[in-house]
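J.: What follows is a predicted protein model with its sequence.
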Amino acid sequence: MLSNKLSASRWIHKLMKDLDTEIACVRLGNVHVITVSSPTIACEFLKKHDDVFASRPITMSSYLISRGYLMTSVVPMGEQWRKMKKMISKDLLSPTKHRWLHAKRMEEANNLVRYIYTQCNATHNSNNKNINGGFVNVRIAAQQYCGNVIRKMIFNKRYFGEGGKDGGPGYEEMEHVNALFTLLNYSYAFSVSDYIPWLRGLDLDGHQKKLKDAMRIINKYHDSIVEGRMKQWKEGKKTEAEDLLDVMISLKDSNNNSLLTSEEIKAQITDLMVATVDNPSNAVEWTLAEMLKQPHILEKATEEVEQVVGNNRVVQESDIPKLNYIKACAREAFRLHPIAPFNVPHVSLSDAVVSNYFIPKGSHVLLSRQQLGRNPKVWKDEPHVFKPERHLKDDESDVYLSEPDLRLLSFSTGKRGCPGVVLGSTITVMLLARLIHGFSWSAAPNRTKIELVESETDLLLADPLVAIAKPRLIHGFSWSAPPDRTKIELVESETDLLLAHPLVAIDKPRLSQEVYKL
Ligand code: HEM
C-alpha cells in the first residue's frame, strides 16, 4: 500500500508539530529514524558531518531496483558507490558531455512544442464534433518530455515502439514512464519488514510484488537494447559513441578492461531514468496549476519569455540565464511542492554528536523536503503561498534551482548530493519556458476553480492537470475582405480624400509555421 509512505510521513510531521521541534527521533524496530526540518541542523548533517552520514539503508526495495546495489543512488557507502559516482559525474554528466548532448535535448524540446501544438488543433470525430479542442494533459506532456530527453540521451531514441502520431507517447512509453514512477514511489516507502528483519520475504504490504512487476517492465525495454549494443561493440560493428549507452560500454579501467559490467550498465541506466522523470515534471505541473490559480504569475512569466525570446523563435538553452522569473517559479515549486515528503535516507557510519544530540551509528536521517520548504522561521512571508518573487534577488543576479544551504531541498548537498544539477535544471526550465512561451493557457471550462490538492497517495496534484492551450506565437495577420464586400471599392470620400467608407476587413492571426512545425 503506497499510502503507507504518506501516512507514515504525515504521522511523523504531525508528531514534530505537536512536539514543536525541528529534529525528532522515532524508533522503528531497532532503527533510530531521525527527522529534520531545520536548515541549520540539516547542514550540520550534510555539510559538517557529511562523511559520517553518507551511507544508505539496506532495504528490500533498494536491493530490488538496483540489481543488488549496483547503481549510484541507493548503494551504501563503499567502493561500488565511489566507482559509480565518479563515473557518472566525470563521464556521463560532465559539462563536456552536457554540451555534446545538446542537439538531442533540443530535438525533444521541439517535439514537446509540436506535440502540444497538434493538440491545440482541434480534432473532429466522424460527426464533425470537436473532441479535443486544445485540451492538454499537462502531466502526460511533462512526464513524457522528461522520459523522451533521457531515452534520447541514453539510447538515442525517443520511442521503444511506434510512438504516437501526434508526437506523443505510444503504449510502450506510457508503460515505461509509469513503471519508473512505481520504482520511485516504492523505493524507501516505509515497509515494515525493513525495520523488523524476521518479517522479510513475507511482503505483508505488497511492495515487493509491485516493484518486481515494475522491474519486469523496465527490463523488457532496456535489456535487449543494452545487450544488442554491447554485441555491436564487441563485434566491431560500432566504434564511435553516439549516446550515453555507448559511452558506458566503451569506458575502460586502468588495465584496459571494460570498466562496467552489463549488470552495472543496466542498473545505472534505470537510476538515471528514474532520477530524470520525476522532479522536473512534478515541479512544472504544479507551477502551471499555481499560475492558472494566480494568473498574474502566468502573465509575468509570459512577459519575461516574450521580452527575452521574442515571438519569432522558440526558447533556447542559451536563454536560460536570463529567465530569472521562470527559474524563480520552478524554485518555488520545489519549495512548496516537492516530489517526496523526505530526502533519500542517509545512514550514519559511526556514532556522532549533531547539534548537541547524540546520534548512534546506523541511524537513518530523513531531511523533510516538505517542512524545510515551509519552515515559517525561514520563509516568513506566507510560507504556504506560491510566491516566486521571494526568490528574486535585489541585485537582479541569477536565480538557481539548487540550494546548498538547504532552506529548501531541491538537489541536496554534500557527498550524496545530486550529480544531475545542470541537466535537471536545464530540463525543468526548458519544459516550463517552452510551455509558457509557445502557448497561452487557461483552465478547462468545467474546472474554472483550480483545486490545488495533493494526492492522498503521493505528493503529485490529486488529479492530473488538464488545461486548454492555444498557440501564442503569431507572426502577423492574414487579411481578407468581409464576405459582403468581395469587391473592394477604392472610392475617395466626397468631402475629403479619405476612403469613402472606413475600411473594415477580417484579420486572422497567422501562426509562425516554422516555429511550431519544428
Ligand atoms: C530537477 C531535477 C532533479 C532534482 C530536484 C534532483 C534531486 C536529487 C536529490 C534530492 C537527491 C538525493 C540527495 C541526497 O541524498 O542528499 C538526488 C540524488 C541523485 N540524483 Fe538527482 N535530481 C534531479 C535530477 C537528476 C538527474 C537529471 C540525474 C541524472 C541523470 C540525477 C541523478 C542523481 C543521482 C545518481 C543521485 C544519487 C547520488 C548519490 O547517492 O551519491 N538527478 N537528486
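T.: Sure, I can see it.

J.: CA atoms for contacts and neighbours, from now on please.
T.: Noted.

J.: Spell out which parts of the stretch 201-350 of the chain neighbour the ligand.
T.: 272, 275, 276, 279, 280, 343, 344 (CA under 6 Å from any ligand atom).

J.: Generate a PyMOL selection restricted to the buried subset of those.
T.: In PyMOL, selecting the buried portion of those, with burial taken from 16 or more other CA atoms under 10 Å, looks like this:
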select buried, resi 272+275+276+279+280+343+344
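
J.: Looking at the residues of the stretch 201-350 of the chain next to the ligand, which are in helices?
T.: Per DSSP state H, helices hold the following members of these: 272, 275, 276, 279, 280.

J.: How about the fourth one, nearest residue that isn't a chain neighbour?
T.: Spatial nearest neighbour of residue 279, excluding adjacent residues (CA to CA, 6 or more residues apart in numbering): residue 339 at 6.0 Å.

J.: Just give the number of residues close to the nearest residue to residue 408 once chain neighbours are set aside.
T.: Nearest non-adjacent residue to residue 408, counting by CA to CA, 6+ apart: residue 373, 4.5 Å away. When neighbours are defined as other CA atoms under 10 Å, residue 373 has 27 of them.

J.: ok, residue 373 - contacts?
T.: By CA atoms under 8 Å, 6 or more residues apart in numbering, the residues touching residue 373 are 334, 335, 336, 379, 383, 407, 408, 409.

J.: List the residues that contact the residue minimising distance to the centre of the chain.
T.: Nearest to the geometric centre of the chain sits residue 280, at 1.8 Å (CA atoms, centre = their mean). With contact taken as CA under 8 Å, 6+ apart, residue 280 is in contact with 142, 146, 424, 425, 427, 428.

J.: now the first one: how far from the ligand?
T.: So that's residue 142. 12 Å (CA to the nearest ligand atom, to the nearest Å).

J.: With the fifth one instead?
T.: Distance, residue 427 to the ligand, using CA to the nearest ligand atom: 7 Å.

J.: Assumed that residue was part of a strand.
T.: No: counting by DSSP: H, G, I helix; E, B strand; the rest coil, one finds residue 427 to be helix, located in no strand.

J.: I'd like to know how many residues surround it.
T.: When neighbours are defined as other CA under 10 Å, residue 427 has 24 of them.

J.: where do the strands sit along the stretch 201-350 of the chain?
T.: Along the stretch 201-350 of the chain, the stretches classed as strands by DSSP state E, counting those that start in this stretch are 346-347.

J.: Close to the ligand: what parts of the stretch 1-150 of the chain are there?
T.: So the stretch 1-150 of the chain meets the ligand at 72, 73, 74, 85 (CA under 6 Å from any ligand atom).

J.: between the residues you listed, which is closest to residue 504?
T.: residue 73 (65.1 Å; CA to CA).

J.: before we move on, back to that, including pLDDT, could the ones in helices among the residues of the stretch 201-350 of the chain next to the ligand go into a markdown table?
T.: Formatted as a markdown table, these follow (pLDDT from 0 to 100):
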| residue | pLDDT |
| --- | --- |
| 272 | 98 |
| 275 | 97 |
| 276 | 98 |
| 279 | 97 |
| 280 | 98 |
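
J.: Between which two of these is the distance greatest?
T.: The most widely separated members of these are 272 and 280, with 13.4 Å between them, by CA to CA.

J.: how about the residues of the stretch 401-518 of the chain near the ligand?
T.: Going by CA under 6 Å from any ligand atom, the residues of the stretch 401-518 of the chain near the ligand are 410-413, 416-420, 423-425, 428.

J.: Let's see which of those residues end up in helices.
T.: 423, 424, 425, 428.

J.: wait, the third one sits on residue 410?
T.: No: using CA atoms under 8 Å, residue 425 is not in contact with residue 410, being 10.0 Å away.

J.: Quick check: neighbours shared by the two?
T.: Residues touching both residue 425 and residue 410 (CA under 8 Å, 6+ apart) are residue 401.

J.: Tell me the pLDDT of residue 218.
T.: Here, the pLDDT recorded for residue 218 equals 98.

J.: in this structure, which ranges drop under the pLDDT threshold?
T.: 1-6, 122-133, 447-449, 474-478, 485-487, 507-515, 517-518 (pLDDT under 70).

J.: which secondary structure element contains the closest residue to residue 169 other than its chain neighbours?
T.: Distances taken as CA to CA, 6+ apart place residue 163 nearest to residue 169, at 5.1 Å, with adjacent residues excluded. Following DSSP states H and E, there is no helix or strand that holds residue 163.

J.: Identify the residues contacting residue 163.
T.: Neighbouring residues of residue 163 by CA under 8 Å, 6+ apart: 169, 170, 171, 172, 173.

J.: thought the first one was touching residue 145?
T.: No: when contacts are counted by CA under 8 Å, residue 169 is not listed as touching residue 145 (9.2 Å).

J.: Tell me which of those two has more neighbours.
T.: residue 145 (28 against 25).

J.: Tell me if the more buried one really is in a strand.
T.: No: counting by three-state DSSP, residue 145 falls outside a strand, being helix.

J.: Look up the closest residue to it, ignoring the ones flanking it.
T.: residue 112 (6.2 Å).

J.: so what's the nearest residue to residue 369 once chain neighbours are set aside bridging to?
T.: Nearest residue to residue 369 in three dimensions, chain neighbours excluded: residue 342, at 5.0 Å (CA to CA, 6+ apart). For residue 342, the beta-bridge partners are residue 368 (DSSP bridges).

J.: Enumerate every residue touching residue 342.
T.: 9, 366, 367, 368, 369, 370.

J.: The second one: neighbour count?
T.: Translated: residue 366. Neighbour number of residue 366 under other CA under 10 Å is 21.

J.: Kindly report the same for the last one.
T.: The local packing count at residue 370 equals 24, with neighbours defined by other CA under 10 Å.

J.: In three-state terms, label it for me.
T.: helix.

J.: looking at it, it is touching residue 338, isn't it?
T.: Yes: counting by CA under 8 Å, residue 370 touches residue 338, with 6.5 Å between them.

J.: Which residue ranges of the stretch 251-400 of the chain form helices?
T.: Here the stretch 251-400 of the chain has its helices, by DSSP state H, counting those that start in this stretch, at 262-293, 295-309, 324-336, 369-373.

J.: and those as a markdown table, adding distance to residue 317?
T.: Formatted as a markdown table, these follow (distance: least, CA to CA, whole Å):
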| stretch | distance to residue 317 |
| --- | --- |
| helix 262-293 | 16 |
| helix 295-309 | 11 |
| helix 324-336 | 13 |
| helix 369-373 | 27 |
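
J.: Next one: the closest residue to the ligand within the stretch 51-200 of the chain from residue 192, what distance?
T.: Residue of the stretch 51-200 of the chain nearest the ligand, by CA to the nearest ligand atom: residue 73 (3.5 Å). According to CA to CA, to the nearest Å, residue 73 and residue 192 sit 22 Å apart.
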